[in-house]
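J.: show me the folded form of this:
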Amino acid sequence: MSEHYYKQQTGFSKYYHLMRPHTLTASFVPVVVGTACAMLFTEIDWLLFFAMLIASILIQAATNMFNEYFDYKKGLDDHESIGIGGAIVRNGMSPKAVVNLAVMFYIIAAIIGIYITIQSSWWILLIGTICMAVGYLYTGGPFPISWTPFGEIFAGFFMGYVIIMITFFIQTGHIHYVPMLFSIPISFNIGLLNMANNIRDREKDKKSGRKTFTILFGKSFSIIVMTLLYIFDFVLILWIIFFKPFGSLWMLIVFISIPLVIKAVKQFNRGSTPPELMPAMATVGKFNTIFGFLLGIAIILTAITGI
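T.: Numbers count the residues shown, from 1 in each chain. Down below sits the predicted model:
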């Protein structure tokens, strides 16, 4: 079964896998949710929406490429590594080509960011630059964030809270506690996507000297934390529905995603090796996507119907 994960990719496929598409939900879900929140206050500038969406995807994809490059340079990846793009160790791309592609994605994202800045505020340029720097430093630099117990926090905060708030701000021209509240479950889910990755890679990471949350506290405790935070997601949504003025019964549709949480937790408890845990990773990725889109749809329906 694990042979599927070691398969060599060619042509467009190797570039597609280099971007690690299963992680890209962490880039476009926050943009959707932030825009949906803005619809509660104003009409949407769809050109700005698509500009923000493309820039976020490019930054996330470039971050994944830097990850691929630096993990290879540090000897962490080989042709049997699971969960990577495999561009260098399996698909024959040179390390230089991977890092150059990442830089090109950053440059395009920066150009788009300048357009967004012109349409909104110069603060966006500063915050966007910080986000790009964090994306690079996540695996690059002398003290990579991914080697610390704070990787989940950085990923959730910058890809969740910050992107949602930027997306809301460029549409409305101000900040508000509404997108802040909705950013909480999205930020948790992105951080937990990162934790799922670290649970899968815990043995390899431990040998390399990383000190991730999972390595410090163990697989079992990480799964408990994951379960509790997923429960908090749904409790928070219920609180918003019944106790906040912008809450709506439309938001109950996010509960459709609960079976995926149950499935993921069971898969993590059953699996041990990276190939055994890949299905759990896939389930977490699906949950992140479906929960985020359902929440975005619910907020949009609330804005349209006023119910």
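
J.: what bits of the chain have low per-residue confidence?
T.: 1-12, 75-87, 89-92 (pLDDT under 70).

J.: so where's the longest helix in this structure?
T.: Secondary structure of the chain per DSSP state H: the longest helix is helix 274-305.

J.: buried residues, that one. List them.
T.: Of the residues in helix 274-305, 274-275, 277-281, 283-303 count as buried by neighbour count, 16 or more other CB atoms under 10 Å. Glycine gets a C-beta too; all of them are placed from N, C-alpha and C.

J.: would you list every one of the helices in the chain?
T.: Under DSSP H, the chain gives helices at 12-18, 25-39, 46-73, 95-119, 123-137, 151-156, 163-172, 177-200, 202-208, 213-217, 219-243, 258-270, 274-305.

J.: format those as JSON lines; extra columns: distance to Phe143.
T.: As requested, the helices of the chain are exported to JSON lines (distance: least, CB to CB, whole Å):
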{"stretch": "helix 12-18", "distance to Phe143": "25"}
{"stretch": "helix 25-39", "distance to Phe143": "22"}
{"stretch": "helix 46-73", "distance to Phe143": "12"}
{"stretch": "helix 95-119", "distance to Phe143": "19"}
{"stretch": "helix 123-137", "distance to Phe143": "8"}
{"stretch": "helix 151-156", "distance to Phe143": "12"}
{"stretch": "helix 163-172", "distance to Phe143": "24"}
{"stretch": "helix 177-200", "distance to Phe143": "17"}
{"stretch": "helix 202-208", "distance to Phe143": "14"}
{"stretch": "helix 213-217", "distance to Phe143": "16"}
{"stretch": "helix 219-243", "distance to Phe143": "22"}
{"stretch": "helix 258-270", "distance to Phe143": "29"}
{"stretch": "helix 274-305", "distance to Phe143": "26"}
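
J.: looking at those, spot the one closest to Leu252.
T.: The closest of those to Leu252 is helix 219-243. By CB to CB, the value is 6.8 Å.

J.: what packs against that closest one?
T.: With contacts taken as 3 or more CB pairs under 8 Å, 6 or more residues apart in numbering; DSSP states H and E, helix 219-243 sits against helix 177-200, helix 213-217, helix 258-270.

J.: packed most tightly, which of these would that be?
T.: helix 177-200 (a mean of 23; mean count of other CB atoms under 10 Å).

J.: what are the neighbouring residues in contact with Ser183?
T.: Pro30, Val33, Gly34, Gly160, Tyr161, Ile164, Met165 (CB atoms under 8 Å, 6 or more residues apart in numbering).

J.: to clarify, my last question referred to Phe188.
T.: Residues near Phe188 by CB under 8 Å, 6+ apart: Gly156, Gly160, Leu229, Tyr230, Phe232, Asp233.

J.: do the same with Ser187
T.: Contacts of Ser187 by CB under 8 Å, 6+ apart are Gly156, Phe157, Met159, Gly160, Tyr161.

J.: once you drop chain neighbours, what's closest to the first one?
T.: The shortest distance from Gly156 to any residue that is not its chain neighbour, by CB to CB, 6 or more residues apart in numbering, is 3.2 Å, and that residue is Gly191.

J.: what does the last one give?
T.: Nearest non-adjacent residue to Tyr161, counting by CB to CB, 6+ apart: Ser183, 4.4 Å away.

J.: distance of that neighbour from Ser94?
T.: To Ser94, Ser183 is 39 Å away according to CB to CB, to the nearest Å.

J.: for the residue nearest to Gly156, give its distance to Ile114.
T.: As judged by CB to CB, Gly191 and Ile114 stand 29 Å apart.

J.: related to what we said a few turns ago, take the contacts of Phe188 and, keeping just the buried ones, write it as a PyMOL select command.
T.: In PyMOL, this line selects whichever of the contacts of Phe188 come out buried by 16+ other CB under 10 Å:
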select buried, resi 156+160+229+230+233
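
J.: which member of the contacts of Phe188 is positioned nearest Gly209?
T.: Relative to Gly209, the closest of the contacts of Phe188 is Gly156; by CB to CB it sits at 23.8 Å.

J.: Met195 is in contact with the closest one, correct?
T.: No. Using CB atoms under 8 Å, Gly156 is not in contact with Met195; the gap is 9.5 Å.
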